[in-house]
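> heads up, no residue letters with this:
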């Protein structure tokens, strides 16, 4: 940035021309990648926007995809279904009752896609059903 400011003062160049001259002599990293004027102007803009400070990195600070469980109602419904089915799976059937199938990832996965997320998936064609691996992760981490 010092090169850019010096170019502007010394030669009276415009912003873009000073960035091109200043970026020309700067190499980045071990592989010797050349700094582009566009990158330099982006850094200068960020520097000015941050009030003369180098802004902290925001890399990874945003959610990449929205999780269905971020919706509190869906999470409550999933938790309630799990509680009912875990309790029913532990209970021994009486004379006329059919045994409840054991709770496993496949059964939870099927219920989530066919019942819990049915309306959500039909309303927005961009959303996709969850995979079996996601159902497993929900059971062990998100809903544990």
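Received, thanks. Model, not experiment: these values are computed from the prediction.
> so what pLDDT did the most centrally placed residue in the chain get?
In the chain, the residue lying closest to the centroid (Cα atoms, centre = their mean) is residue 64, at 2.0 Å. At residue 64, the model reports a pLDDT of 72.
> again, but for residue 111
With respect to pLDDT, residue 111 has a value of 95.
> count of neighbours near it?
17 (other Cβ atoms under 10 Å). All C-beta spots, glycine's among them, are computed from the backbone N, C-alpha and C.
> cool, and residue 66?
9.
> so it: helix, strand or coil?
Under DSSP: H, G, I helix; E, B strand; the rest coil, residue 66 falls in the coil class.
> now it: how far from residue 127?
Between residue 66 and residue 127 the computed distance is 9 Å (Cβ to Cβ, to the nearest Å).
> which residue ranges form the strands in this protein?
For the chain, the strands defined by DSSP state E occupy 27-28, 33-34.
> to residue 43, which of the ones you listed lies closest?
With Cβ to Cβ, the closest approach to residue 43 among those belongs to strand 27-28: 11.3 Å.
> for this protein, longest helix please?
If you go by DSSP state H, the chain has its longest helix at helix 72-90.
> which residues are in contact with it?
When contacts are defined by Cβ atoms under 8 Å, 6 or more residues apart in numbering, helix 72-90 is touched by residues 68-69, 100-103, 107-108, 111-112, 116-117, 120, 138-139, 142-143.
> then stretch 23-39?
Stretch 23-39 is contacted by residues 3, 16, 19, 20, 22, 40 when judged by Cβ under 8 Å, 6+ apart.
> what's the burial count for residue 103?
The local packing of residue 103 (other Cβ under 10 Å) involves 19 other residues.
> any idea how far residue 142 is from it?
According to Cβ to Cβ, residue 103 and residue 142 sit 16 Å apart.
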